[in-house]
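Trainee: When you get a sec, could you give me coordinates for this:
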Amino acid sequence: MGMTAWRRAGVCLTAAAVVVGVAGCQDGAPAGAEGRQTRNEMTKVLQAAFENTSEAKSAKVRMTMTMAGSGSMELSGVQGWDPGVMDVTMKTSGVMADDPDVPEKVRMIMVDDVVYMDAGAEQAAEMDGKRWMRMDFAAMAEEAGDAELRKRMAGGLENLNQDPAQQIALLLESPSLKHVGPEEIDGVRTQHYEGTLSFEEMADADESFDLLSEAERQELLADAEKSGMKGYDTQVWVNEDDYPVKMVIGMRTPQGTINLTSDYSDYGARAEVETPPARDTFDFVEMLKELEGLGADSGAGLSA
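Mentor: Numbering: from 1, shown residues only. Sure thing, here's the model as predicted:
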């Protein structure tokens, strides 16, 4: 496989890893209006939004991820939860799109915790017609032989699968939950809510952290503190039918802020996502083994 294909595959992997691993918070929100709701009133609205979204199981989604110094990434398509599936098209801009080897658009499919990235026609030409890169992150962690990495990867996939209902459930756990006030989003009347969770509070509320032992959990919390990671903020805009139409999550780090804005519509939209045929896919782990084999052969030839 040519170097261009390897670089393109690397770009696809990086994008998928960023999407899988993202967690979030948003810097300050606009000032609220008069007539803010009480805690009981907020809980009633958000509980209804949680129940409606859980029952819908899917929606059309447009996500925009911005990363300090790296440009932005937009994903649009359909997302389903219970089970978690996605079929989206990803577009990049800014620094991320400056590399000539980065395709303008990439289709990404996720089914059964496995991500498929369309690496493009040029990739297919160098891979016997196979243009879809298959990335089983759990298998990749297993291959690495790192138990903690396996657990963290499972948690990352849980974040990717996480539906807006689960985000609302986390928001309800926030001791700083606040009703910002009424706002219009794309002509739709909504109520705006926001709240912050510290990393430790989020770990307590998010069931994916139950995969970690107490020692691993404490180590993760210590690592987060050392890295300068701040608390998580979530904002949600709920329409008059008690569905979230917009959510903003992100994470502030010493390296900059990662923001993920999600716009939802057409709750209950069909999310029958199909994986690409096996004949059109190549496995990323196997590709790495191939590369390692080529390197070993080259080294053996030099030593001889």
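Trainee: Can you show me the helices along the stretch 51-200 of the chain?
Mentor: For the stretch 51-200 of the chain, the helices defined by DSSP state H, counting those that start in this stretch occupy 95-98, 121-126, 137-144, 147-161, 164-172, 199-205.
Trainee: Go through these and find the least confident stretch.
Mentor: The weakest mean pLDDT among these belongs to helix 147-161, with a mean of 49.
Trainee: L197 contacts L177, correct?
Mentor: No - applying Cβ atoms under 8 Å as the test, L197 and L177 come out as separate, 9.8 Å apart. Where C-beta positions appear, they are placed from N, C-alpha and C, glycine not excepted.
Trainee: Looking at the two, which is more packed in?
Mentor: L197 (23 against 18; other Cβ atoms under 10 Å).
Trainee: Enumerate every residue touching the more buried one.
Mentor: Contact partners of L197, counting by Cβ atoms under 8 Å, 6 or more residues apart in numbering, are L170, E173, S174, A205, G231, Y232, D233, T234.
Trainee: and G268, how many neighbours does it have?
Mentor: Other residues close to G268 by other Cβ under 10 Å number 13.
Trainee: would it count as being in a strand?
Mentor: No - assessed with DSSP: H, G, I helix; E, B strand; the rest coil, G268 is coil; it does not lie in a strand.
Trainee: Where do the strands of the stretch 101-250 of the chain begin and end?
Mentor: Secondary structure of the stretch 101-250 of the chain, counting by DSSP state E, counting those that start in this stretch: strands at 105-111, 114-118, 132-135, 178-185, 188-197, 232-239, 244-253.
Trainee: Nearest to T53 among these would be which one?
Mentor: The closest of these to T53 is strand 244-253. By Cβ to Cβ, the value is 6.4 Å.
Trainee: so the closest one versus strand 178-185, what angle?
Mentor: 120 degrees (axes from the mean of the first three to the mean of the last three Cα atoms, to 10 degrees).
Trainee: elements contacting strand 244-253?
Mentor: Judged by 3 or more Cβ pairs under 8 Å, 6 or more residues apart in numbering; DSSP states H and E, the packing partners of strand 244-253 are helix 164-172, strand 188-197, strand 232-239, strand 256-265.
Trainee: That strand - what's its average pLDDT?
Mentor: 84.
Trainee: Can you list the strands that it pairs with?
Mentor: Paired with strand 244-253 in the same sheet, following DSSP bridges, are strand 232-239 (antiparallel), strand 256-265 (antiparallel).
Trainee: got the contact list for the shortest one?
Mentor: The reference is to strand 232-239. 23-27, 29, 45-46, 49, 164, 167-168, 170-171, 174, 180, 183, 185, 188-199, 202, 244-251.
Trainee: One more pass at 7 Å, please.
Mentor: 23-26, 29, 45, 49, 167-168, 170-171, 183, 185, 188-197, 199, 202, 244-249, 251 (Cβ atoms under 7 Å, 6 or more residues apart in numbering).
Trainee: Show me which of those are buried.
Mentor: 23-26, 45, 49, 167-168, 170-171, 190-197, 199, 202, 244-249, 251 (16 or more other Cβ atoms under 10 Å).
Trainee: what's around the closest residue to M202 other than its chain neighbours, how many residues?
Mentor: Spatial nearest neighbour of M202, chain neighbours left out: Y232 (5.1 Å); criterion: Cβ to Cβ, 6 or more residues apart in numbering. Residue crowding around Y232 was assessed by other Cβ under 10 Å; the count is 25.
Trainee: how near is Y232 to S176?
Mentor: As for Y232, its distance to S176 is 11 Å (criterion: Cβ to Cβ, to the nearest Å).
Trainee: now Q235
Mentor: Q235 sits at a distance of 12 Å from S176 (criterion: Cβ to Cβ).
Trainee: Comparing these two, which residue is more hemmed in?
Mentor: Shown here are Q235 and S176; by other Cβ under 10 Å, Q235 has more neighbours (22 against 12).
Trainee: Distance of L170 relative to P244?
Mentor: 13 Å.
Trainee: How about E219?
Mentor: 34 Å.
Trainee: do the same with G268
Mentor: Distance from G268 to P244, counting by Cβ to Cβ: 14 Å.
Trainee: Now render the strands of the stretch 101-250 of the chain as a markdown table, adding distance to L75.
Mentor: As requested, these are exported to a markdown table (distance: least, Cβ to Cβ, whole Å):
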| stretch | distance to L75 |
| --- | --- |
| strand 105-111 | 7 |
| strand 114-118 | 12 |
| strand 132-135 | 16 |
| strand 178-185 | 19 |
| strand 188-197 | 21 |
| strand 232-239 | 19 |
| strand 244-253 | 14 |
